[in-house]
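K.L.:
Next come a sequence and a model predicted from it.
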Amino acid sequence: PAPPPLEVRAAALTDPGLVRDRNQDAACADPRVIAVADGFGPRGGPASAAAIEALRHAGTEGIREGDLLNILQDAVDRAREAVREAASGSAPRAIGTTLTAMLWSDTGPALVHIGDSRAHLLRDGELRLITRDHTVVRAMVEEGRITAEEAESHPQRSLLVKALADGADPTPDLRLHEARTGDRYLLCSDGLSTVVPEAELCRVLSEVPEPKDAVRELADLANAAGGPDNIACVVADVRKPRARAA
């Protein structure tokens, strides 16, 4: 039998934080697309916005489950080109963006991820990280050269090995993901994940029922911890579609 259709209710928020003079993060919570992007360089804001817009366009097209990965790869290709255009006239290596997003069909999502923004899944009270940071430090941990604890304070912890930027490896992680009714997702930039402990993320996601209230509380926690970076986050709840009136 076909799996039951799923519906996503989500809220997105960006906040400049307390230190940066510009907000270069972007986020969206559309019926078919949830996404965060963390821009960097002198035109990082236009770069992250362009990447998000390319994903949003993909969500407006008719989506069949078998097409999800192809649609998402095409959207990433468009996002890469849009970022290149946003960066035109500037030193190319210095401008780009991360991108972490989910594109939804009626029966579930596909996940795309490049950079060090993150996607978490809260299921049955347990919070799990479902993306892998594309950073020099993460690679060092996996090679056993440093510990996870050392990685948290490493001076190169924000150095990306993959991003949507000229000169960087642009190959995203791309996969179908099995979602269930009752799941809650958090997509966020490192302006949240590096300053708010995972236990606090889990507490807010478990205790605050409305996505729009949860994203606000998460941003407030990042600012209470000093707000050293821009903050982008999306909270998305998976539920069964409501019955349509006759």
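P.N.:
Perfect, I can see it now. These numbers come from a predicted model, not from an experiment.

K.L.:
show me where the protein has helices.
P.N.:
44-59, 68-86, 136-142, 148-152, 190-193, 198-207, 211-224 (DSSP state H).

K.L.:
Mean pLDDT, distance to residue 161 and mean neighbour count added to the ones you listed, as CSV?
P.N.:
All C-beta atoms are positioned from the backbone trio N, CA, C, and that covers glycine. Compiled in CSV, those are given as follows (pLDDT from 0 to 100; distance: least, CB to CB, whole Å; neighbours: other CB atoms under 10 Å):
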stretch, mean pLDDT, distance to residue 161, mean neighbour count
helix 44-59, 92, 18, 24
helix 68-86, 90, 16, 19
helix 136-142, 86, 6, 16
helix 148-152, 82, 14, 12
helix 190-193, 96, 15, 26
helix 198-207, 98, 23, 16
helix 211-224, 98, 25, 20
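
K.L.:
Which among those is found nearest to residue 97?
P.N.:
helix 44-59 (4.3 Å; CB to CB).

K.L.:
hang on, the earlier thing: need the helices of the chain in a markdown table (columns: distance to residue 118).
P.N.:
Converted to a markdown table, the helices of the chain look like this (distance: least, CB to CB, whole Å):
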| stretch | distance to residue 118 |
| --- | --- |
| helix 44-59 | 15 |
| helix 68-86 | 17 |
| helix 136-142 | 11 |
| helix 148-152 | 14 |
| helix 190-193 | 5 |
| helix 198-207 | 10 |
| helix 211-224 | 12 |
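
K.L.:
Ok, which of the ones you listed comes nearest residue 127?
P.N.:
Per CB to CB, nearest to residue 127 of the helices of the chain: helix 198-207, 4.1 Å.

K.L.:
which residues sit in contact with the residue nearest to the spatial centre of the chain?
P.N.:
Geometric centre of the chain, nearest residue: residue 100, 3.3 Å, by CA atoms, centre = their mean. Residues near residue 100 by CB atoms under 8 Å, 6 or more residues apart in numbering: 35-37, 111-115, 117-119, 131, 187.

K.L.:
Skipping its backbone neighbours, what lies nearest it in space?
P.N.:
residue 117 (4.1 Å; CB to CB, 6 or more residues apart in numbering).

K.L.:
from what I can see that neighbour touches residue 36, true?
P.N.:
Yes - using CB atoms under 8 Å, residue 117 is in contact with residue 36, at 5.1 Å.

K.L.:
Identify the contacts common to those two.
P.N.:
Each of 98, 99, 100, 187, 188, 189, 232 lies in contact with both residue 117 and residue 36 under the rule CB under 8 Å, 6+ apart.

K.L.:
Would you point out the most distant pair within the residues you listed?
P.N.:
99 and 188 (12.8 Å).

K.L.:
Show me whatever sits in contact with both of the two.
P.N.:
Joint contacts of residue 99 and residue 188 (CB under 8 Å, 6+ apart) are 36, 117.

K.L.:
now residue 146: how far from residue 116?
P.N.:
In this view, residue 146 and residue 116 are 16 Å apart by CB to CB, to the nearest Å.

K.L.:
the more surrounded of these two?
P.N.:
When residue 146 is set against residue 116 and neighbours are counted by other CB atoms under 10 Å, the residue ahead is residue 116, at 26 against 12.

K.L.:
Do me a favour and get the backbone dihedrals for the residue nearest to the more buried one when sequence neighbours are not counted.
P.N.:
Once flanking residues are discounted, residue 116 sits nearest to residue 133: 4.4 Å by CB to CB, 6+ apart. Per-residue torsions, residue 133: phi -60, psi 130 (degrees, to the nearest 10).
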